[in-house]
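Colleague: Turn this into a structure:
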Amino acid sequence: MAELKIDALVFDVLGTLVDEPAGLRAGIRALAPSAGLSPGPSAVPSVGPSAVPSLDAPGAERLLLLWQRHIEREQRRILDGDRPYLPSDALDREAARIVAEAAGVEDQAAVKELAGAARRLPPWPDTVAGLARLAGRFPLIGLSNASRTALLELNAHAGLRWHQALSAEDARVYKPDPAVYRLAVTVAGRPPERLLMVAAHAWDLRGAQALGLRTAYVARPVGDPPAPTDRFDLYAEDLADLARQLELPRGV
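Modeller: Alright, predicted model coming up:
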């Protein structure tokens, strides 16, 4: 492989650095008291045998899928021009209302708390140390579909440390639209080929690649793995592995 000359690293956040499903799942399970359920693994209705759906593990997973499908669908509609741009906060509130309704929850305070779960996402075990190690050699830029406000709270909750954090809200569109990746190119002040986009989602890396950024796939349990036809510059098991690869001379 040709030498990889990189001046800055650009990181996806959701799914790559934080475990988004785990945070949403915790928020969904917290609905149990409002739904009249026990939050335990064998949750059953406490107000009648058919009052609301169960929030046991399979029930929570079904609600999580409902949330994820809504976000994916609405972001796609925005990308396709079928819906005006809305920041991630607004889409999260929509998803929270849909999930709460499916769970039989009408308490608006509980719905608001659920929407906030999208900002309380735990980091992967290697994230904080990995970012610190990489920051010793490169400027780090976060580039997320999360809104500016959500990204601020995400960073604080997960302990993410950046040299710069950028939100797709500034481009008023979502990745993988090229306008989002241009935000990082503009801020870095470097040619696209001198930036390395790091993500656990192949679709995200393809979007960056189309604009000329170099790419690094980091494997995560909740990511979008590469297709056989994908050709990314680096493939890493985690951030520690990525740091090791970037510290090695290329082409040897």
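
Colleague: where do the helices sit along the stretch 151-252 of the chain?
Modeller: 178-188, 202-210, 239-247 (DSSP state H, counting those that start in this stretch).

Colleague: measure Leu17 to Leu31 for me?
Modeller: Distance, Leu17 to Leu31, by CB to CB, to the nearest Å: 26 Å. Every C-beta, even on glycine, is put in place using the N, C-alpha and C of the backbone.

Colleague: So between those two, which is more surrounded?
Modeller: Leu17 (29 against 26; other CB atoms under 10 Å).

Colleague: What average pLDDT does the top helix by length along the chain get?
Modeller: Across the chain, the longest stretch assigned as helix under DSSP state H is helix 57-79. For helix 57-79, mean pLDDT is 95.

Colleague: Which strands and helices lie in contact with the helix or strand following that helix?
Modeller: If you walk from helix 57-79 toward the C-terminus, the next helix or strand you reach (DSSP states H and E) is helix 88-102. Judged by 3 or more CB pairs under 8 Å, 6 or more residues apart in numbering; DSSP states H and E, helix 88-102 is in contact with helix 57-79, helix 108-116, helix 148-158.

Colleague: got a list of contacts for the last one?
Modeller: Applying CB atoms under 8 Å, 6 or more residues apart in numbering, the contact partners of helix 148-158 are 13, 17-18, 87-89, 92, 118-123, 127-128, 142, 144, 146, 160-162, 165, 167, 169-170.

Colleague: Filter those down to the buried ones.
Modeller: 13, 17-18, 87-89, 92, 118-121, 123, 127-128, 142, 144, 146, 160, 162, 165, 167, 169 (16 or more other CB atoms under 10 Å).

Colleague: which ones are touching Ala210?
Modeller: 176, 178.

Colleague: Now with 7 Å, please.
Modeller: Pro178 (CB atoms under 7 Å, 6 or more residues apart in numbering).

Colleague: before we move on, the earlier item: out of the buried ones among the contacts of helix 148-158, list just those in strands.
Modeller: The strands, defined by DSSP state E, take in 142, 144, 165, 167 from those.

Colleague: Save those residues as CSV, and put in distance to Ala26 too.
Modeller: Rendered in CSV, the data for these read as follows (distance: CB to CB, whole Å):
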residue, distance to Ala26
Gly142, 22
Ser144, 20
Ala165, 23
Ser167, 23
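
Colleague: Switch the residues you listed over to JSON lines; also include distance to Leu213 and pLDDT.
Modeller: Shown next, in JSON lines, are these (distance: CB to CB, whole Å; pLDDT from 0 to 100):
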{"residue": "Gly142", "distance to Leu213": "15", "pLDDT": "98"}
{"residue": "Ser144", "distance to Leu213": "15", "pLDDT": "98"}
{"residue": "Ala165", "distance to Leu213": "17", "pLDDT": "97"}
{"residue": "Ser167", "distance to Leu213": "18", "pLDDT": "98"}
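
Colleague: Of those residues, just say which sits nearest to Leu64.
Modeller: When these are ranked by distance to Leu64 (CB to CB), Ser144 comes first, at 19.8 Å.

Colleague: can I assume that closest one is in contact with Gln164?
Modeller: No - the pair Ser144 / Gln164 is not scored as a contact, 11.8 Å apart, by CB atoms under 7 Å.

Colleague: mind putting the helices and strands packed on helix 88-102 in JSON lines, distance to Thr186 included?
Modeller: Formatted as JSON lines, these follow (distance: least, CB to CB, whole Å):
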{"stretch": "helix 57-79", "distance to Thr186": "20"}
{"stretch": "helix 108-116", "distance to Thr186": "31"}
{"stretch": "helix 148-158", "distance to Thr186": "16"}
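
Colleague: Lovely, talk soon.
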